[in-house]
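Enquirer: Predicted model and sequence follow; I will ask about them next.
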Amino acid sequence: MTGWSSTLEPCSKSAKIPIPDIIKAMGSLHAFQTDDLRLKPIYEKVLVGERMDAADALTLYCTGDILAVGWMANSVRERMHGDKTYFNVNRHINPTNVCVAACRLCAFGRKKDVAGAYTMALEEAFETAASGYSEAVTEFHIVGGLHPDLPFQYFLDLCSGLKQRFPQVHLKAFTMVEVAYLARRAKLSIRETLEQLKASGVDSLPGGGAEIFADRVRHIICDHKIDGDQWLETAKLAHQIGLKSNATMLYGHVENDEDRVDHLMKLRALQDETGGFQTFIPLAFHPDNTPLQHLPKTTGMLDIKQIAVSRLVLDNFPHIKSYWQMMTAKIAQISLRFGADDMDGTVIEEKIYHDAGATTPQGMRREELERLIRAAGRVPIERDTLYRPVTRTETSVTVAV
Ligand code: SF4
């Protein structure tokens, strides 16, 4: 980026201008600049909206010029969304942490008879849902372990029971990994499983379990999970029956830049085919309490770069989310000027990343999220799961359709 423009007010004069306004003015006054000649042709592509290829994506990961990458990602983000920054008011429900998979990346799953293992009775899950309802949530985010004994009917009853009790709340439920496991247990095809889940009340899928698609990496971090192709095939089937989903990528463990590029390219190719992905969510790996706890945590530079590269490469994904629970609220806030347009939600009672050592709070008030977004010079928009604006009064919550 260039240095300061001479048209900026001196500090004494600008002292009374709100900080978000100063941030906005800075954005429009900076021209693109880099000493990394490899970024010049990428910049030319960004200017005309041309698609990045795998070599471009690799260059973006390799360069040390994070500000140049951020400038390009920010320009794409502003072209798509202006200053709008989305968030929602949601509650997480993790019905069980009992899991047969034992992924090395995981601090959440437990074998069924060990200390700390839990499985909610249906009534307990409904009570958990209701305990966050005073916040007027618009979404339940439901994921859990691969329980060896719970029948498929439990999950159908969970969803239909939640829909019956909270008809206006969107159910974003079950990763592709859970769907594939439920299909196996119920002896149904993936399509039939998805259709039954949809009929019971599931409105969309959250997109977890993608991790990194490359076999080499999957064998190290999650060798009992479905492979990358099966994850993509399950997402494709969900999209084909009208269920939108998100997509994730777990980064910052044993993967390399080529693995990350491969992951992004595969998601982009499927999105070209189905158009069913709403949001891409890069997830920073938290090693604490996992068998991979000797690995270092991700750095702020990697977190920011991952957001920026995602925005530039995934040109057909409407939204890039900086998930504050994993990358901290402060890094997530900064990423709003590096390509992200969504900060996730208020997230009442997150368990999975806190078991892995996340030190962020387990929830954030709506007012605090809005404050962070405004302080980044952006405009907070409360959305529902399908990105329809939500309007609140003291007594009602309305979703624009
Ligand atoms: S990551 Fe998911 S599938 Fe793997 S052990 Fe943890 S809960 Fe089970």
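Expert: On my side now, so go ahead.

Enquirer: CA atoms for contacts and neighbours, from now on please.
Expert: Fine.

Enquirer: quick one, what contacts the nearest residue to residue 335 once chain neighbours are set aside?
Expert: Excluding the flanking residues, the one nearest residue 335 by Cα to Cα, 6 or more residues apart in numbering is residue 304, at 5.8 Å. Remark: with contacts taken as Cα atoms under 8 Å, 6 or more residues apart in numbering, residue 304 is in contact with 331, 334, 335, 338.

Enquirer: which among those gets closest to residue 151?
Expert: Taking Cα to Cα as the measure, residue 151 lies nearest residue 331 of the contacts of residue 304, at 40.4 Å.

Enquirer: so the closest one touches residue 298, yeah?
Expert: No - counting by Cα atoms under 8 Å, residue 331 stays clear of residue 298, with 11.6 Å between them.

Enquirer: What values do phi and psi take at residue 222?
Expert: phi -160, psi 60 (degrees, to the nearest 10).

Enquirer: The residue nearest to residue 335 belongs to a helix, doesn't it?
Expert: Yes - Residue 304 forms part of a helix when assessed by DSSP: H, G, I helix; E, B strand; the rest coil.

Enquirer: Could you check the pLDDT of it?
Expert: As predicted, residue 304 sits at a pLDDT of 97.

Enquirer: and residue 195, what is it in contact with?
Expert: Shown in contact with residue 195 (Cα under 8 Å, 6+ apart): residue 241.

Enquirer: Going by neighbour count, list what's buried in the helix or strand hosting it.
Expert: Secondary structure assigned from DSSP states H and E places residue 195 in helix 190-200. Burial within helix 190-200, assessed by neighbour count using 16 or more other Cα atoms under 10 Å, is assigned to 190, 191, 193, 194, 195, 196, 197, 198, 200.

Enquirer: taking the contacts of residue 304 one by one, which sit in helices?
Expert: Using DSSP state H, the subset of those located in helices is 331, 334, 335.

Enquirer: mind checking how far the last one is from residue 61?
Expert: What it means is residue 335. When distance is defined by Cα to Cα, to the nearest Å, residue 335 is 16 Å away from residue 61.

Enquirer: near the ligand, from the contacts of residue 304?
Expert: Restricting the contacts of residue 304 to those within reach of the ligand (Cα under 6 Å from any ligand atom) leaves nothing.

Enquirer: Now the two most distant members of the residues you listed.
Expert: Taking Cα to Cα, the two most distant members of the contacts of residue 304 are 331 and 338; they sit 10.4 Å apart.

Enquirer: Looking at the two, which one has more neighbours?
Expert: residue 338 (28 against 18; other Cα atoms under 10 Å).

Enquirer: quick one, what contacts that one?
Expert: Residue 338 makes contact with 70, 71, 73, 74, 304, 305, 307, 308, according to Cα under 8 Å, 6+ apart.

Enquirer: I figured the fourth one hits residue 339, correct?
Expert: Yes - assessed by Cα under 8 Å, residue 74 is found in contact with residue 339 at 4.7 Å.

Enquirer: what touches both of the two?
Expert: Common contact partners of residue 74 and residue 339 (Cα under 8 Å, 6+ apart): residue 308.

Enquirer: who has more neighbours, those two?
Expert: Neighbours were counted for residue 74 and for residue 339 using other Cα under 10 Å; residue 339 has more, 31 against 24.

Enquirer: Just list the residues touching the more buried one, thanks.
Expert: By Cα under 8 Å, 6+ apart, the residues touching residue 339 are 70, 73, 74, 75, 76, 77, 307, 308, 310, 311, 312, 320.

Enquirer: Skipping adjacent residues, who's closest to the fourth one in space?
Expert: Read that as residue 75. Spatial nearest neighbour of residue 75, excluding adjacent residues (Cα to Cα, 6+ apart): residue 339 at 7.9 Å.

Enquirer: before we move on, back to that, identify, from the ones in helices among the contacts of residue 304, the entry nearest to the ligand.
Expert: In terms of Cα to the nearest ligand atom, no member of the ones in helices among the contacts of residue 304 lies closer to the ligand than residue 331, at 24.1 Å.

Enquirer: What about the closest residue to the closest one other than its chain neighbours, how many residues nearby?
Expert: Of all residues not flanking residue 331 in the chain, residue 300 sits nearest, at 6.6 Å (Cα to Cα, 6+ apart). For residue 300, the count of nearby residues is 17 (other Cα under 10 Å).

Enquirer: My guess is residue 300 contacts residue 332. True?
Expert: No - Residue 300 is beyond contact range of residue 332, at 9.7 Å (criterion: Cα under 8 Å).

Enquirer: contacting residues around stretch 199-210?
Expert: 141, 156-157, 159-160, 163, 170-177, 228, 231, 243-250.

Enquirer: how far does it stretch from start to finish?
Expert: Criterion Cα to Cα; first-to-last residue distance in stretch 199-210 is 24 Å.

Enquirer: how about the strands in this protein?
Expert: 84-88, 90-93, 139-142, 170-173, 204-205, 244-251, 277-284, 319-320, 342-345, 379-382, 390-392, 397-399 (DSSP state E).

Enquirer: Now do the residue nearest to residue 75, the pLDDT please.
Expert: For residue 339, pLDDT reads 98.

Enquirer: overlap between the contacts of residue 339 and the residues near the ligand?
Expert: Answer for the contacts of residue 339 near the ligand: none qualify (Cα under 6 Å from any ligand atom).

Enquirer: which one of these has the most neighbours?
Expert: Going by other Cα under 10 Å, residue 308 tops the contacts of residue 339 with 31 neighbours.
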